[in-house]
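Trainee: Sequence plus predicted model, see below.
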Amino acid sequence: MKPKLALDERIVARCREAAAAISDSVLEFTDNRTTVSIERATLRMLGVNGAAPDGTPLANRVIEAAVRQDLVDGGICLPFGRAMRRSGLDAHGTAALIAGGEAELPAHDDDDDAVRESVAALSRTAVEGIVEVARTRDAFIQRLGDGERPLLYVIVASGDIHEDTVQARVAALAGAQVIAVIRHTAQSLLDYVPEGANTGGFGGTYASQDNFRIMREALDDVSEEVGRYVRLCNYASGLCMPEMSVLGAVERLDMMLNDALYGVLFRDINMQRTLTDQAFSRLVSAVGGIIINTGEDNYLTTADPLEAAHTVLASQFINESLALRCGLEPGQIGLGHAMEMDPLKEDMLVLEIAQAQMAREIFPKSPIKYMPPTKHMTGNIFRGHVQDALFALASVMTGQGIHLLGMMTEAMHTPHIHDRYLALESTRMVMNAARHLSDEIEFRDDGIMRKRAAMVLDQALEMLESIGERGLFRALEDGMFADVSRSFEGGRGLDGVFIRSDDYWNPVEDLLKIAVKS
Amino acid sequence: MKPKLALDERIVARCREAAAAISDSVLEFTDNRTTVSIERATLRMLGVNGAAPDGTPLANRVIEAAVRQDLVDGGICLPFGRAMRRSGLDAHGTAALIAGGEAELPAHDDDDDAVRESVAALSRTAVEGIVEVARTRDAFIQRLGDGERPLLYVIVASGDIHEDTVQARVAALAGAQVIAVIRHTAQSLLDYVPEGANTGGFGGTYASQDNFRIMREALDDVSEEVGRYVRLCNYASGLCMPEMSVLGAVERLDMMLNDALYGVLFRDINMQRTLTDQAFSRLVSAVGGIIINTGEDNYLTTADPLEAAHTVLASQFINESLALRCGLEPGQIGLGHAMEMDPLKEDMLVLEIAQAQMAREIFPKSPIKYMPPTKHMTGNIFRGHVQDALFALASVMTGQGIHLLGMMTEAMHTPHIHDRYLALESTRMVMNAARHLSDEIEFRDDGIMRKRAAMVLDQALEMLESIGERGLFRALEDGMFADVSRSFEGGRGLDGVFIRSDDYWNPVEDLLKIAVKS
Amino acid sequence: MKDDMDQESGRGDDPGRVRPYGDTLNDGAVQVSFTLPAPLSDEAREGARRLAGKMGLKDVTIYHAADMGAGFSYYILYGRCTHFVDMGRIVVPKITTRTMTFSQINDFVLQGGGRRIRVIGACTGSDAHTVGIDAIMNMKGFAGNYGLERYRAFRTLNLGSQISNDRLLAEALAFKADVILVSQVVTQKDIHLGNLAELVDMVEAQGIRERVLMVCGGPRVSHEVALELGFDAGFGSGTSPLDVASFIAQEAVSRGLIAKDAS
Amino acid sequence: MKDDMDQESGRGDDPGRVRPYGDTLNDGAVQVSFTLPAPLSDEAREGARRLAGKMGLKDVTIYHAADMGAGFSYYILYGRCTHFVDMGRIVVPKITTRTMTFSQINDFVLQGGGRRIRVIGACTGSDAHTVGIDAIMNMKGFAGNYGLERYRAFRTLNLGSQISNDRLLAEALAFKADVILVSQVVTQKDIHLGNLAELVDMVEAQGIRERVLMVCGGPRVSHEVALELGFDAGFGSGTSPLDVASFIAQEAVSRGLIAKDAS
Ligand code: B12
Ligand code: B12
Ligand SMILES: Cc1ncc(COP(=O)(O)O)c(C=O)c1O
Ligand SMILES: Cc1ncc(COP(=O)(O)O)c(C=O)c1O
């Protein structure tokens, strides 16, 4: 796509520099820390899955023990390796013993070298495992292809994974290229990953390893049926962000919602916790070939999309910069963007095309996760269906990468089976009808669109420089994003954050870092 | 609007020349002829309204008598004037006598000069009358305004004029600027205008003078209510084309569907008849300040919109040329154009924008009557609603003048009250959201759009030149329009066509011709 | 949610008790919209809700209500349908002839020196929609399939539109038609039903009903209704000329219509 | 068409017998859509038609039917509703306090040295939607009307979202709230009804129900349902802070809530 907005490349470069400084200082802070969820994720890489009889995941039981024994700051690998060596069992067996109170996490071992060696070997297998999963995905796509761009992304959210697979199949037959299973309301606040095939969610379906597998299998089947690889998306978000990434990488999820700030802003998760978690989590996604989707689109549900447009852009720069530093390729970074303008505003579509085009031109290698109208959707399904059609048009006119389909029933319920069907039908029709419109048109020199984009870019630079001065943590305290202010020590999960001791050891992380560079 | 298509002005000029030659030769033929309907229209101008006890309009009865007495070729004015003089009654009274068989149309009078004088006086009053109606309209618009462009045009078609007024009012409240009352199925085949407030139509409502008046009154009321002049549209089409124009001019209709070829192609009306009628009919509209709408949009319901696009353009040139010669201003000529492409075709919207833009650039002073998708509308109302939204977008992106709203229920029934409401809501939203999009964009130099427009223009020229060679009548026989072929002597109404005698006299026509020049 | 549906509670995997589906089997999800001739008010809204209740919807939510002015209000609502249908019991009359290919049809009719089937067609009454009948009869056909004119097996006469039943019958007699095709597109106030029934009566009165195959079609025509009206078949939206040609060929042959007099 | 409707045939100008309107009084025009858990077939189509029949629709036409695969089919149909509603008989509970202006409210409450009304608000349970409660409470308000925080007449505390009923009650006691505002936006599987009812029970168990005004709101909340749940009022979609402030002011004064102890 030829650039149309004549953006000032120097300002874009300055934004990137400012974002780099911000994320360097964040990572300096977080590199020095670990969290209960990073350690649980590490355990899961080593093979600690399943739950204790009361349903608590074994990984949680082990880390609870480590917390009690004050061992977390050194990393779980060494103590857990010792426990394995002592029990003579595999990771799962050992964890079960610990969970049952029949074993503990030894603070010493006479041959720590041997422990380290065997944990390192396990880690290697684990990391190779997820690399292999990524290869499987690549081969699948190689063989079947994955369809045109933008990828058409729809949600399923019945609360019951079995019902979800049916709906996913119908959606795939109608042209969906990505199926996102929306999570149970407030799952992000759980400090554990539920076990089993869960069917009782509200507003969404519990994310669990079994549910991931069940849906991936269903999508593999339908991929063969439609002759096109259908991607699966879930959330690496909330208090279990790193674990979710691990489960996603293991079960071949292809996309995960994963944002450095969403949990802080919208779920009141402590900022130290989420920013520390995001680094590990993205490292896993990087190796697993998972595309992450950031959450800037959410800002515009609370803030005004015209006035706060630059906050979206600023946050995209920060998310990009953090993600690149954690090892993700630009192509793996789906940046959140949304069409949330009041549809009754004059020239709304003109302004939106400018915004959407701007996002594409500034992040040409990263797909934009382009979100449909939500907050201005009403119970008027006919009007809503047209709003969604305009959104599809803006999307194809600006060459977006991931197109999240709007549903005419957005203001009512999570989608019914035909809501998705009709949305896919309409979106495909609009996109096909306007397929090369973008190639056909140029933007006027001194028009509304170019001016708008230039202004938003200027404001984003100003914001990034101002964040750079005070640091991201202060910026969050000052309510610079989404009209929400959070405190450094407030919110959920700070008690799960630990400063790493000097002898902190995590071979999984080390190997992931090596894998990501190769 | 700045031109975007870089059309070759020389080709446009050559098309106009070819069309001029075609219409000159048509008018040479028709100037020499009159029809029963022209004579009835003349009578109606003189005040012959109302019907005989059996419902037959008096104008018909009088002309039937003239036909029987072989007087039509000289024009009805003189014989009827003689009858008036003899009866001593006014036009209506005289006609009633003739209809009742109590008077006849005298072939002679001892003082034809006096007859001529009194008929000429009546004619002057009549022509001044419709000029006055036009002034009333202008004053109305001057005072209230008539809203933005394109004019939003919706149909009512309940079959019952009283129900229609209710629906028109609801439509006007929702933003409609033109209300078209669709006629009863096949009314165009009636060789008389029905009398009275008629409530029993199928697929539309009978057009009658009373129905015109009832609706115009209702719209005057709602115009005051919404503070905006709401236009009324009906048909000057079919076997009664000239009479309909007269009634429209008298009852302050603001727009009338009026095409030189529609009746021939789609109603199998004889071509000599319709082409003769259209000249008189347009003369009346010219003086009455009525905007005519031509019917090229219909071609694409039978022919392929991609392959036959040039036939639409060629016909527009011919309709324009005929209309200008009959005295219409360019601003009074609403040329028919439709978005009838298969919505599932790739780049349909791109091609449609090219077409619509082309029509605007070639006829910059004439409004286009831009017609919505009809033949590709299905029972899928949700899809249809989006097709209509794309149509609204194409309309506002190309600066159309008269926008006929699509209804999602097009494939089912004439519109329900909420179909219109939802269509207006959606169309206004789309047009407002894309208000200045057209100003913001330019078309690529060697793009699909420019190429498409250039090709269609070339083909239209070729077609016009080919019609020029054989004449319009032969072209119709050869099926050059709408995939339909008609014969010179075939179809309905040829028996109502008469070659004017040398002493043909029609002061109404003469005065109209004078009025139109002033 | 599944359980409180009511006594009629069906099971979707049981064809005897099928009800609408939104995102969970048997949730009964239905979308409804309509206008009431009443200005928008809390009472009118409640009226809309109650109407939905009378339709047998539970948990009705009005998601959109608009005052349209002039004493009308519009509603979009959702509810859960408490009714179910017994799918197992539904029997629908169908056209049972198998669809053949273009050349199979020609061969089938003309084999052993059979004569061509004479087919006359028209869009009747005041109906001016020719596209449907043309799609079936014209050379170029419809959606990639040739129309009847193209077949060697048929001799055709397409009268076009706005043809009165009188004229159609007269032309059919003159043409010695074996098959009469009638198209009806305008269906407002059921105008087509009267038109079609009248033609059957006229053909019967003429005493030739046994000797002609009568077929009608149009977007609102169904085979079932066609049979009720006394036609031999009815074809609806999206019909391919191939379906019609196959039906005519097989029926004409099996009824011995073209065996009688070899012209 | 009007006459053959059935015995219940109503007259639209008679509020006792109102039915949907398409383009003619009493035509009963209704649009319906739903999915059936059955692949598309003539039988399934007929099943959809019969379901519509059971809903009391006549002259049902299926205008669109799509096979969605995996054993589902989708239908869009129209029919004529044979039911009517008696509009004259409908009585809907309404909030009867009159809407006052910003300064009227302040004056009304604080006149004669009255104290400020203490208002606590939260979005409860796992519901994380703050926009609604913020629209009512925050300074900046909603659609051009200030939120409660801006009024001199109120002292407010907005707890935000995801607040358990336990915590809300404890904070309300600590704050000595006169008014409790609860927002519920997520309503899937009626999760909000349980949440709201539980809070009323807890407040009653605490013995303070008489001393607090309980108000709930959200896009699917209606005043009627709020009353049923034991709240004093419920506010739905599009509520203005002005409505809420007017209600609170008048009710608090008339119930003497702020007369008791002048703090
Ligand atoms: C094109 C069209 C026109 C054209 C017709 C041109 C022509 N020469 O045919 C024009 C512009 C002239 C026209 C005019 C009118 N039309 Co018109 N028109 C349509 C439109 C847009 C498409 C119809 C069409 O061509 N479909 C494509 C063909 C291929 O499909 P089909 O007809 O269903 O045919 C298929 C099958 O049904 C079947 N079939 C059909 N006939 C037969 C016969 C046999 C024997 C067999 C076996 C099969 C068969 O096979 C075909 C191929 O699959 C429809 C709306 C829509 N989208 O459906 C309105 C529509 C049919 N028209 C309508 C009306 C009311 C009119 C008017 C009466 C309006 C007026 N008052 O002025 C006029 C007058 C016409 C008249 N007296 O009949 C209404 C009918 C409402 C109703 N249900 O009664 C519709 C639905 C539009 C609307 N919503 O108001 N129309
Ligand atoms: C914005 C939004 C979000 C934002 C919320 C940001 C925030 N901080 O509030 C984000 C993106 C975080 C979000 C997340 C989710 N959401 Co949400 N969201 C919406 C959305 C788009 C708009 C809601 C909104 O802000 N409306 C604007 C406000 C002003 O209107 P309002 O809430 O109705 O409030 C007015 C009145 O109701 C009233 N009112 C409201 N409360 C009160 C209280 C009192 C006391 C009074 C007097 C009046 C009052 O006054 C207000 C002003 O008029 C809706 C869809 C839609 N278009 O409605 C979905 C929607 C509400 N969300 C939904 C869901 C399911 C979720 C999730 C659970 C999805 C998931 N599984 O991840 C998550 C998790 C959130 C959770 N646990 O609750 C569903 C709810 C379905 C249902 N009926 O149960 C909806 C309908 C979308 C959908 N179709 O699926 N969401
Ligand atoms: C990054 C991210 N994570 C998570 C969610 C979902 O919310 P929850 O916190 O309920 O999982 C969203 C919602 O849009 C999101 O953007
Ligand atoms: C010019 C013109 N006249 C008349 C009509 C209406 O048809 P009828 O012949 O039934 O009046 C149309 C329909 O589109 C038309 O374009």
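Mentor: Ah, there it is. Ligands and ions are numbered 1, 2, ... in the order given.
Trainee: make it CA atoms for all contacts and neighbour counts henceforth
Mentor: OK.
Trainee: Leaving out the residues flanking it, which one is nearest to the closest residue to ligand 3 within chain A?
Mentor: With C-alpha to the nearest ligand atom as the measure, the residue in chain A that lies nearest ligand 3 is residue A:295; the distance is 3.8 Å. Nearest residue to residue A:295, sequence neighbours excluded (C-alpha to C-alpha, 6 or more residues apart in numbering or on different chains): residue A:336, at 5.0 Å.
Trainee: Count the neighbours of that neighbour for me.
Mentor: Residues within reach of residue A:336, counting by other C-alpha atoms under 10 Å in any protein chain shown, total 27.
Trainee: and the strand or helix carrying it, does that touch ligand 3?
Mentor: Per DSSP states H and E: residue A:336 is located in strand A:333-338. No - on the criterion C-alpha under 6 Å from any ligand atom, strand A:333-338 is out of touch with ligand 3, staying 7.8 Å away.
Trainee: Given that strand, what are its sheet partners and their directions?
Mentor: strand A:291-293 (parallel), strand A:368-371 (parallel) (DSSP bridges).
Trainee: partner residues bridging the residue nearest to residue A:295?
Mentor: Beta-bridge pairing of residue A:336, defined through DSSP bridges, involves residue A:369.
Trainee: ok, it touching residue A:369?
Mentor: Yes - with contact defined as C-alpha atoms under 8 Å, residue A:336 and residue A:369 form a contacting pair (4.9 Å).
Trainee: Residues of the stretch 51-200 of chain A that sit close to ligand 3?
Mentor: Remark: the part of the stretch 51-200 of chain A in contact with ligand 3 comprises A:183, A:185-188, using C-alpha under 6 Å from any ligand atom.
Trainee: can you give me the strands for chain C?
Mentor: Listed in chain order, the strands of chain C (DSSP state E) span C:29-36, C:57-69, C:72-81, C:117-123, C:154-158, C:179-183, C:213-217, C:233-235.
Trainee: Which of these sits closest to ligand 4?
Mentor: Ranking those by their distance to ligand 4 (criterion: C-alpha to the nearest ligand atom) puts strand C:117-123 first, at 14.9 Å.
Trainee: Could I get the average pLDDT for the closest one?
Mentor: In this model, strand C:117-123 carries a mean pLDDT of 98.
Trainee: Next, see if that strand gets close to ligand 1.
Mentor: No - Strand C:117-123 lies apart from ligand 1 when judged by C-alpha under 6 Å from any ligand atom; the minimum separation is 6.9 Å.
Trainee: Stretch C:188-203 too?
Mentor: Yes - with C-alpha under 6 Å from any ligand atom as the criterion, ligand 1 is reached by stretch C:188-203 at residue C:188.
Trainee: now what about that stretch, what contacts it?
Mentor: Outside stretch C:188-203, the residues that touch it by C-alpha atoms under 8 Å, 6 or more residues apart in numbering or on different chains are B:202-203, B:413, C:124-125, C:165, C:169, C:184-187, C:209, C:229-231, D:1.
Trainee: Name only those of those that count as buried.
Mentor: Neighbour counting by 16 or more other C-alpha atoms under 10 Å in any protein chain shown classes B:202-203, C:124-125, C:165, C:169, C:184-187, C:209, C:229-231 among the contacts of stretch C:188-203 as buried.
Trainee: closest to ligand 4 among these?
Mentor: residue B:203 (9.0 Å).
Trainee: Secondary structure element holding residue A:54?
Mentor: Applying DSSP H and E as the criterion places residue A:54 outside every helix and strand.
Trainee: burial of it, as a residue count?
Mentor: Taking other C-alpha under 10 Å as the neighbour definition, residue A:54 ends up with a count of 6.
Trainee: ok, now which ones touch it?
Mentor: Contact criterion C-alpha under 8 Å, 6+ apart gives no residues in contact with residue A:54.
Trainee: For it, give me phi and psi.
Mentor: phi -80, psi 0 (degrees, to the nearest 10).
Trainee: Contact partners for residue 135?
Mentor: As the question left the chain open, I've gone with chain A. In this structure, residue A:135 makes contact with no residue, judged by C-alpha under 8 Å, 6+ apart.
Trainee: my bad, the chain I had in mind was chain C
Mentor: Taking C-alpha under 8 Å, 6+ apart as the contact definition, residue C:135 lies against C:141-142, C:147, C:241.
Trainee: quick one: average confidence on the longest helix that chain A contains?
Mentor: The helix of greatest length in chain A, counted in residues with DSSP state H as the criterion, is given as helix A:112-144. With pLDDT averaged residue by residue, helix A:112-144 scores 98.
Trainee: Would you mind listing the buried residues in that helix?
Mentor: Counting neighbours by 16+ other C-alpha under 10 Å, one finds that the buried residues in helix A:112-144 are A:115-116, A:118-120, A:122-124, A:126-134, A:137, A:140-141, A:144.
Trainee: Please state the offset of that helix from the chain centre?
Mentor: Going by C-alpha atoms, centre = their mean, to the nearest Å, the spacing between the C-alpha centre of helix A:112-144 and its chain's C-alpha centre is 21 Å.
Trainee: so what does the helix or strand just after it touch, helix or strand wise?
Mentor: Proceeding N to C from helix A:112-144, the next assigned helix or strand is strand A:151-156, under DSSP H and E. Using 3 or more C-alpha pairs under 8 Å, 6 or more residues apart in numbering or on different chains; DSSP states H and E as the contact definition, the elements that strand A:151-156 packs against are helix A:161-173, strand A:178-181, strand A:402-404.
Trainee: related to what we said a few turns ago, which one of the strands of chain C lies nearest to ligand 2?
Mentor: Across those, the minimum distance to ligand 2, taken as C-alpha to the nearest ligand atom, is reached by strand C:57-69, at 10.6 Å.
Trainee: Return the list of strands paired to that closest one, each annotated with direction.
Mentor: Sheet pairing for strand C:57-69, assigned by DSSP bridges, gives strand C:72-81 (antiparallel).
Trainee: how about the partner strand against ligand 2, any contact?
Mentor: No - contact between strand C:72-81 and ligand 2 is absent, the nearest approach being 12.3 Å (criterion: C-alpha under 6 Å from any ligand atom).
Trainee: Quick one: residues in contact with that strand.
Mentor: Residues lying outside strand C:72-81 but in contact with it, judged by C-alpha under 8 Å, 6+ apart, are A:379-381, B:418, C:19-20, C:27-40, C:45, C:48, C:52, C:56-68.
Trainee: Can you mark which positions in it are buried?
Mentor: Buried residues in strand C:72-81, defined by neighbour count with 16+ other C-alpha under 10 Å: C:72-81.
Trainee: starting at the chain centroid, how far to it?
Mentor: When distances are taken as C-alpha atoms, centre = their mean, strand C:72-81 is centred 28 Å away from the chain's centroid.
Trainee: returning to what we had before: pull up the overlap in contacts between residue A:336 and residue A:369.
Mentor: The contact lists of residue A:336 and residue A:369 share A:293-294, where a contact means C-alpha under 8 Å, 6+ apart.
Trainee: Nearest to ligand 4 within chain A, name that residue for me.
Mentor: Checked against ligand 4 (C-alpha to the nearest ligand atom), the nearest residue in chain A is residue A:433, 25.7 Å away.
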